[in-house]
Structure formats: structure tokens, C-alpha cells
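Peer 1: Sharing a sequence plus its predicted fold:
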Amino acid sequence: MKKYIAMLTMLMMVVFSVLVFAVPTTVDLGWDAFGGTVDITVFNGDDSVGTLVTTGAHFWGEFNSTDFDNNPYSYGVDSGVFTTKSNVEGGGSVSFRVERTDTKSSYGGSGQVSYDEVWSIDGTAFLARRTSTNYASQMNNNYGWATNNYQAAGSQYGVLHSIATGDGDGASINVFGNGSAVINAPNDQLGGNAFRLGIGNGCTNLGPATVAATGAGTYEIMAVGVHELNGNGWTAPNGAAYYANFIFNGGFNSNDTDIDGN
């Protein structure tokens with residue numbers, strides 16, 4: 001039978017923590033708080049784990065998780081999904097992390113991580129992501145569910161979208177400054193030692209990610225790939241890292257930000 005954790009609404013100063021170990025489990029949480037912190041960690045058995053931390057002057061949102069307890073093909077790994085849509089106003093932050101902790105060994109090792117963070121010292125921030133895990137891979141399936149997934153605005157703000165494999169390879173987009181920034185990342189894909197940021201998820205080949213910023217700030221791309229690393233208009237040698245830094249004043253736009261590596 002499934003276990004359900006019902007909606008929780010929090011007002012004023014609130015600190016909330018959840019640790020869920022039992023499977024199968026469905027978790028549905030919501031909050032609307034003024035000050036304080038929401039700190040949620042959910043374990044889908046030993047197959048994956050999701051963590052959300054958010055705080056601010058006024059912050060509201062939802063967190064959902066399902067361990068399907070399905071063990072497809074009797075590989076010993078259940079499928080799972082974690083989602084959040086989280087908002088902040090008047091200053092604050094949201095961070096969301098999902099790690100795939102088990103695998104069918106013929107598909108490569110586990111340890112894939114998706115991590116995102118948005119923050120503003122005096123303005124607004126928004127984070128929306130849906131991450132699924134199974135015996136073979138971890139995917140961020142945002143297409144058709146949420147657009148403009150990572151946003152922040154204020155006199156100082158930051159927006160980070162990052163993915164990493166179990167062996168330390170991966171890629172990130174980071175925008176910070178004063179004004180605003182929006183990263184729209186339809187999909188990401190992680191499996192074994194391979195990763196795709198901003199594009200992918202099987203045969204759908206959705207993407208690429210886009211970035212739009214106003215005001216003044218810095219846009220960074222970082223990537224590491226032991227065997228292969230490719231982006232929009234660039235290729236890095238085997239075993240190399242790639243780093244690009246763009247300082248802008250008066251806005252910045254990128255209509256094609258995608259990175260493949262393994």
C-alpha cells in the first residue's frame with residue numbers, strides 16, 4: 001500500500017524537516033511562509049534521494065515525490081520522481097538536489113546529481129524542476145511541465161543550473177549580478193559517465209537551453225568530460241575542462257546553451 005504525506009501550509013516563522021525512509025512512498029507538501037526555513041529530504045529507498053531547502057521574507061511552493069516500487073525487469077532498482085515549484089519574494093533562496101543512488105550495473109555506475117539554486121537578497125526567485133530516476137539513468141524532464149525553470153531578480157541575485165555524473169564529470173550554467181536572469185532548460189540527461197545539459201532525453205532531442213538576463217552581471221559555463229566534451233560551437237580535448245565567462249552590462253541572451261560529455 002502507498003503511504004501519503006498530506007499538504008502542509010505554514011505561516012509566520014516556520015522550520016520544517018521531513019525524513020522519509022519507507023517505500024513505496026508518495027509525498028505531497030506545500031508551504032506559504034513568512035520567514036523561517038523549509039528543509040525537506042526524501043529517500044526513495046536506496047534508489048534515489050531528493051532535498052529541497054528554501055527560505056526568505058515570503059516564500060511559497062510545493063514539493064512532490066513518488067517511489068513507484070516497481071522494480072522494472074527485476075533489476076532491483078525502483079523508478080522514482082521528484083518535483084518542485086518554489087517561489088521567493090522580498091529576498092531569499094531555493095535549492096533543489098536529486099541524486100540517483102542505485103543502478104543496474106550494466107548501464108554504468110550510479111551517483112548522478114542534479115543541483116539547482118536561485119537566490120536574491122531583496123527581490124524574487126523561482127525554481128521549477130521535475131527529475132526522474134530509474135535503473136539506467138536520471139533525467140530532468142521539464143518540457144511540457146514548466147518553462148523558464150530558474151529565475152531570480154534583485155539588486156544582487158544568482159541562478160545556477162548544474163548536473164554531474166558519479167565520476168565527477170558534468171556541466172553548469174551560472175548567472176549572477178544585479179537585474180534579472182532566466183534560464184529555460186527543457187531537459188537534461190544523465191546515465192553512467194555520460195551527460196547532456198539543456199537538451200536530450202532519449203529520442204525526443206528536446207532543447208536547447210536558453211538564457212536571458214537584464215542589467216549587469218556575469219554568465220558562466222563550466223564543464224568537465226574525461227572522454228568527450230562538446231557545446232554550442234566548441235569542442236574540448238579528451239580529459240579537458242571547459243570554462244567560459246561573459247561579463248555583461250545592459251543585458252545578455254543565449255539562445256543555444258547545450259553541453260554533451262562523457
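Peer 2: Good, I have the coordinates.
Peer 1: For Phe59, which residues are in contact?
Peer 2: With C-beta atoms under 8 Å, 6 or more residues apart in numbering as the criterion, the residues that contact Phe59 are 31, 33, 38, 86-89, 92, 94. To be clear about C-beta, it is placed using only N, CA and C from the backbone, and glycine gets the same treatment.
Peer 1: Run the chain-centre distance for stretch 153-160.
Peer 2: Centroid separation between stretch 153-160 and its chain, computed with C-alpha atoms, centre = their mean, to the nearest Å, is 17 Å.
Peer 1: What of stretch 210-229?
Peer 2: Using C-alpha atoms, centre = their mean, we find the averaged C-alpha position of stretch 210-229 to lie 15 Å away from the chain's own average C-alpha position.
Peer 1: And for stretch 37-54?
Peer 2: Between the mean C-alpha point of stretch 37-54 and the mean C-alpha point of its chain there is a distance of 13 Å (C-alpha atoms, centre = their mean).
Peer 1: avg pLDDT for that stretch?
Peer 2: Within the predicted structure, the mean pLDDT of stretch 37-54 is 96.
Peer 1: before we move on, what about stretch 140-150?
Peer 2: The predicted model gives stretch 140-150 an average pLDDT of 90.
Peer 1: Need the distance between the two termini of stretch 230-244.
Peer 2: With C-alpha to C-alpha, to the nearest Å as the measure, stretch 230-244 spans 13 Å from end to end.
Peer 1: ok so, going back, now, among the contacts of Phe59, which is nearest to Asn232?
Peer 2: Val94 (27.3 Å; C-beta to C-beta).
Peer 1: so what's that closest one bridging to?
Peer 2: Thr54, Val118 (DSSP bridges).
Peer 1: Likewise for Asp32?
Peer 2: Trp60.
Peer 1: Which strand or helix spans Ile221?
Peer 2: Element membership of Ile221 [criterion: DSSP states H and E] is strand 209-224.
Peer 1: Now do that strand: distance to the chain's middle.
Peer 2: Using C-alpha atoms, centre = their mean, we find the averaged C-alpha position of strand 209-224 to lie 16 Å away from the chain's own average C-alpha position.
Peer 1: cool, and stretch 98-113?
Peer 2: Mean C-alpha position of stretch 98-113 versus that of the full chain (C-alpha atoms, centre = their mean) differs by 16 Å.
Peer 1: Just the buried residues of that stretch, please?
Peer 2: Along stretch 98-113, these residues count as buried under the neighbour rule (16 or more other C-beta atoms under 10 Å): 98-103, 108, 110-113.
Peer 1: Output those residues as CSV; include the columns secondary structure, pLDDT and distance to Asp47.
Peer 2: Shown next, in CSV, are the buried residues of stretch 98-113 (DSSP: H, G, I helix; E, B strand; the rest coil; pLDDT from 0 to 100; distance: C-beta to C-beta, whole Å):
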residue, secondary structure, pLDDT, distance to Asp47
Val98, strand, 98, 11
Glu99, strand, 98, 10
Arg100, strand, 98, 7
Thr101, coil, 98, 6
Asp102, coil, 98, 5
Thr103, coil, 97, 9
Gly108, coil, 96, 15
Ser110, coil, 97, 9
Gly111, coil, 98, 12
Gln112, coil, 98, 12
Val113, strand, 98, 14
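Peer 1: Most widely separated two among these?
Peer 2: With C-beta to C-beta as the measure, no two of the buried residues of stretch 98-113 lie farther apart than Val98 and Gly108, at 17.5 Å.
Peer 1: Now do the same contact list for Phe246.
Peer 2: With contact set as C-beta under 8 Å, 6+ apart, Phe246 has these partners: 218-220, 252.
Peer 1: do the same with Ala171
Peer 2: Contacts were defined as C-beta under 8 Å, 6+ apart; by that measure Ala171 touches 162-163, 195, 197, 221-224, 259, 261.
Peer 1: Now do the SS call for it.
Peer 2: Per DSSP: H, G, I helix; E, B strand; the rest coil, the local secondary structure of Ala171 is strand.
Peer 1: Show me what counts as buried in stretch 110-126.
Peer 2: 110-120, 123-126.
Peer 1: Next: stretch 49-64.
Peer 2: For stretch 49-64, a neighbour-count test (16+ other C-beta under 10 Å) marks 49-56, 59-64 as buried.
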